[in-house]
Each structure stands twice: as structure tokens, then as C-alpha cells.
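Chemist: the sequence and its predicted three-dimensional model are supplied below.
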Amino acid sequence: MAEETNGFPPKQDVVGTGISLMSFDQLAPAFESRPSDRATVVTITNVHAVMSARRDTELRAALDIADITTPDGMPIAWALRSMGNPDQERLYGAKVTATALEAGLTRGWRHYFYGSTDETLVALQNELRVTYPGIEIAGAMSPPFRALTSEEDDEIAAEIMDTKPDFVWVGLGMPKQEKWMAANRLRYPGVVIVGIGAAFDFIAGTKAEAPSWMQRSGLEWLFRLASEPRRLWRRYIFNNPGYLLLWGKQLLGWKLRKRRS
């Protein structure tokens with residue numbers, strides 16, 4: 001059963017994580033109605049995140065606290081479709097970003113980019129200025145590749161908020177970015193903070209995206225595995241079969257409850 005989330009689109013459980021039931025058309029209105037006393041937290045949630053949250057209680061709490069958890073990856077969208085939401089789209093990071101950037105051109109939204117390396121951030125901003133003429137880029141920062149102290153988080157938030165951003169796009173990688181957003185949401189009142197991970201590299205052109213047909217077929221994982229086998233083989237060997245088993249079990253339970261009601 002889907003649950004309401006403080007005026008944002010409802011979420012439905014997928015193997016233990018609430019995933020937002022929404023379309024791309026609902027993104028801009030949701031961003032416009034953001035609260036003013038804290039950040040609006042958006043996570044781009046795929047099989048890796050859902051399965052990791054089953055083992056990592058801090059990550060699970062971060063996903064639970066998010067206002068929007070988009071179904072990134074076809075297996076998440078398929079799960080939602082199989083449990084009573086036949087029109088559910090896959091809302092993946094690069095297109096969520098593109099949707100917000102395009103909507104922001106007429107709304108004057110200002111964008112800040114936090115994460116990755118200085119080189120990637122330069123390439124990212126250059127590409128965005130070509131793709132979205134007139135885009136308002138408030139700034140960018142590559143933070144240290146280590147845990148930050150509370151004082152450092154305060155200083156960074158003050159520096160970012162001085163640029164008056166509407167969005168802070170976070171590219172720290174999963175689960176670091178999800179935990180960072182949950183821990184820092186009160187430091188960014190009235191701002192939408194979105195964890196988009198590898199989308200920084202995709203937009204900047206430093207990493208290749210899977211072809212569209214592989215994304216539509218749920219085979220993006222295979223493309224990424226072939227690109228970075230040494231780093232990713234454990235993730236996909238264990239996560240994918242485990243997810244399919246848990247989804248099958250949940251779907252069976254959903255069908256039984258549906259039959260009884």
C-alpha cells in the first residue's frame with residue numbers, strides 16, 4: 001500500500017524501501033512546492049541502493065527521510081508496475097536533472113553542484129552552459145574525499161547558501177550522498193538537494209551512459225559491469241539475484257492480499 005509523504009507523491013514499498021509513485025511531469029510542481037524550513041531531499045534509488053539499505057540501517061533511514069525517492073533502473077519500475085501501478089515510469093538521474101534544468105530556465109532556478117572532482121565539475125559546467133543557454137549556475141565545489149566534521153559541514157553550507165541556490169546537485173556516490181543529504185537537510189532551508197551520483201560524469205562526458213535500448217531493457221547494469229568489472233562485479237553478482245528473489249516474494253504476498261480483499 002502506498003503511503004503519503006508530507007504533500008509529496010506517495011511511496012510504495014519495494015523490498016523494504018519506499019519508492020515514490022510519480023512521473024516526470026510531476027517533478028517541477030513538486031520542486032516548486034518545496035518547504036522553506038528545510039531542504040527537499042530527493043534520492044535516485046536503484047537496486048543497489050535498495051539492497052544496500054537492507055544491510056545499512058543509516059542508509060535505510062536516509063532513504064526513509066527523503067521526500068522523493070525516484071525509481072531509478074527498470075527493475076524498480078517493474079516492481080512498482082507489478083504491484084498495481086502499471087504506468088510507472090523509470091525516473092533516472094540524468095533525466096531527472098535534465099527535467100529540472102529545463103524547467104528552471106523559465107523559472108530562474110539557480111543550481112549548485114557539490115561533489116566529484118574539480119576537473120569533472122569544470123567539464124560539467126561547460127557542457128551545461130552549451131546545452132542549456134541561460135542556465136543559472138550558482139557555483140560548484142569538490143569537497144574533500146573524507147568524512148567532514150560538523151563544523152566543516154556548517155562552513156560549506158554557509159558558503160553554498162551565500163550563492164542563493166534553488167538546487168544543490170550532490171555527486172558523492174551512493175551511499176555517501178544519501179547519508180550526507182539526510183544529515184544536512186536542515187542546513188539548506190528552501191533548497192532542493194538531489195543525489196545524482198554518476199550523472200555528474202555522464203553529463204560531463206567523463207563516463208559513457210548505457211545505450212537507450214539497454215536502459216529500457218533493464219540491462220544498464222550489464223553495460224556498467226562491462227565498463228568497470230573489477231569494481232562492480234560483487235555488487236551485481238549478489239544484489240541482482242537477491243533483489244529478484246525478494247521482489248518475487250513480495251509480489252506473491254501482494255497478489256495473495258489482493259485476492260483476499
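Modeler: Here it is on my side, so go on.
Chemist: how close does the residue positioned nearest the centre of the chain sit to Gly253?
Modeler: When C-alpha atoms, centre = their mean is applied to the chain, the residue found nearest the centroid is Ile44 (1.9 Å). Distance, Ile44 to Gly253, using C-beta to C-beta, to the nearest Å: 27 Å. Placement of C-beta: from N, CA and C, glycine included.
Chemist: now swap in Leu245 and tell me
Modeler: Leu245 sits 13 Å away from Gly253 when distances are taken as C-beta to C-beta.
Chemist: for Ser142, same thing?
Modeler: When C-beta to C-beta is applied, the distance between Ser142 and Gly253 equals 45 Å.
Chemist: now Thr43: phi and psi?
Modeler: Thr43 has phi and psi values of phi -110, psi 140 when expressed as degrees, to the nearest 10.
Chemist: that one bridge partners, please.
Modeler: Partner residues in beta bridges with Thr43: Thr69, Gly195, with DSSP bridges as the criterion.
Chemist: one step back: Ser142 and Gly253: who's more crowded?
Modeler: Neighbour tally, Ser142 and Gly253, criterion other C-beta atoms under 10 Å: the higher count belongs to Ser142, 16 against 11.
Chemist: is the more buried one in contact with Thr117, as I believe?
Modeler: Yes: contact criterion C-beta atoms under 8 Å: Ser142 and Thr117 qualify, at 5.5 Å.
Chemist: the helices in the stretch 51-200 of the chain, which residues?
Modeler: Here the stretch 51-200 of the chain has its helices, by DSSP state H, counting those that start in this stretch, at 57-65, 74-82, 93-107, 118-131, 150-161, 176-184, 199-204.
Chemist: what's the burial count for Arg231?
Modeler: Summarising burial for Arg231: neighbours were counted as other C-beta under 10 Å, giving 10.
Chemist: buried residues, stretch 107-123. List them.
Modeler: Of all the residues in stretch 107-123, those buried under the rule 16 or more other C-beta atoms under 10 Å are 109-116, 120-121, 123.
Chemist: do the same with stretch 179-192
Modeler: 179-182, 184-185, 187-188, 191-192.
Chemist: turn the residues you listed into JSON lines, columns for distance to Gln26 and pLDDT.
Modeler: Formatted as JSON lines, the entries for these read as follows, by distance: C-beta to C-beta, whole Å; pLDDT from 0 to 100:
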{"residue": "Lys179", "distance to Gln26": "26", "pLDDT": "97"}
{"residue": "Trp180", "distance to Gln26": "25", "pLDDT": "96"}
{"residue": "Met181", "distance to Gln26": "20", "pLDDT": "97"}
{"residue": "Ala182", "distance to Gln26": "22", "pLDDT": "97"}
{"residue": "Asn184", "distance to Gln26": "25", "pLDDT": "96"}
{"residue": "Arg185", "distance to Gln26": "21", "pLDDT": "96"}
{"residue": "Arg187", "distance to Gln26": "26", "pLDDT": "97"}
{"residue": "Tyr188", "distance to Gln26": "22", "pLDDT": "97"}
{"residue": "Val191", "distance to Gln26": "19", "pLDDT": "98"}
{"residue": "Val192", "distance to Gln26": "14", "pLDDT": "98"}
